[in-house]
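S.K.: Give me a 3D structure for the following:
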Amino acid sequence: MLRLSDVNLLTVKNLSVRIEDKLIIDDLNFDLESRERLSILGPNGAGKTVLLKALLNLIPYTGEIVWAPEVRLGYVPQKIDADIHLPLTFTDLFRAKCRTLKSAAG
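M.R.: Have a look, this model is predicted:
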């Protein structure tokens, strides 16, 4: 049986991301092995969020992104683009999240 420690957690081959007519990421390649960590560093506008969104399949890209089957991913955006006029409170959102996760707090 193949274990997570026997395979790459993440393999990225020839990743390119274009937003409108601007090339943001061009031909990126890397492997992330078990027990390795990935840090994405750079100044504002360097493409860190674009890379993360491509890795999570949230935006279109070309190339190949392969996550190990057992990998679980989560993403909490820095800013949530929600309509501020929606009649929702933090408690409403928290309870909905708890229900989704089947947590006792919901």
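S.K.: Over to Leu38. Which of the three states is it?
M.R.: Following DSSP: H, G, I helix; E, B strand; the rest coil, we place Leu38 in the coil state.
S.K.: I'd guessed it sits against Lys48; true?
M.R.: No: using Cβ atoms under 8 Å, Leu38 is not in contact with Lys48, being 11.3 Å away. (Each C-beta comes from the backbone N, C-alpha and C, glycine too.)
S.K.: These two: who's more crowded?
M.R.: Lys48 (14 against 11; other Cβ atoms under 10 Å).
S.K.: list the contacts for that one?
M.R.: For Lys48, the contacting residues are Ile40, Leu41, Gly42, by Cβ atoms under 8 Å, 6 or more residues apart in numbering.
S.K.: Include pLDDT and neighbour count when you put the residues you listed into JSON lines, please.
M.R.: What follows is the contacts of Lys48, written out as JSON lines (pLDDT from 0 to 100; neighbours: other Cβ atoms under 10 Å):
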{"residue": "Ile40", "pLDDT": "89", "neighbour count": "11"}
{"residue": "Leu41", "pLDDT": "92", "neighbour count": "6"}
{"residue": "Gly42", "pLDDT": "92", "neighbour count": "9"}
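S.K.: Please identify the helix or strand for Thr49.
M.R.: Assessed by DSSP states H and E, Thr49 sits inside helix 48-55.
S.K.: Likewise for Leu93?
M.R.: helix 90-101.
S.K.: List the buried residues for that helix?
M.R.: By 16 or more other Cβ atoms under 10 Å, helix 90-101 has no buried positions at all.
S.K.: shift numbering so it begins at 26
M.R.: Yep, numbering from 26; the last one is helix 115-126 now.
S.K.: and it, average pLDDT?
M.R.: The pLDDT scores in helix 115-126 average 82.
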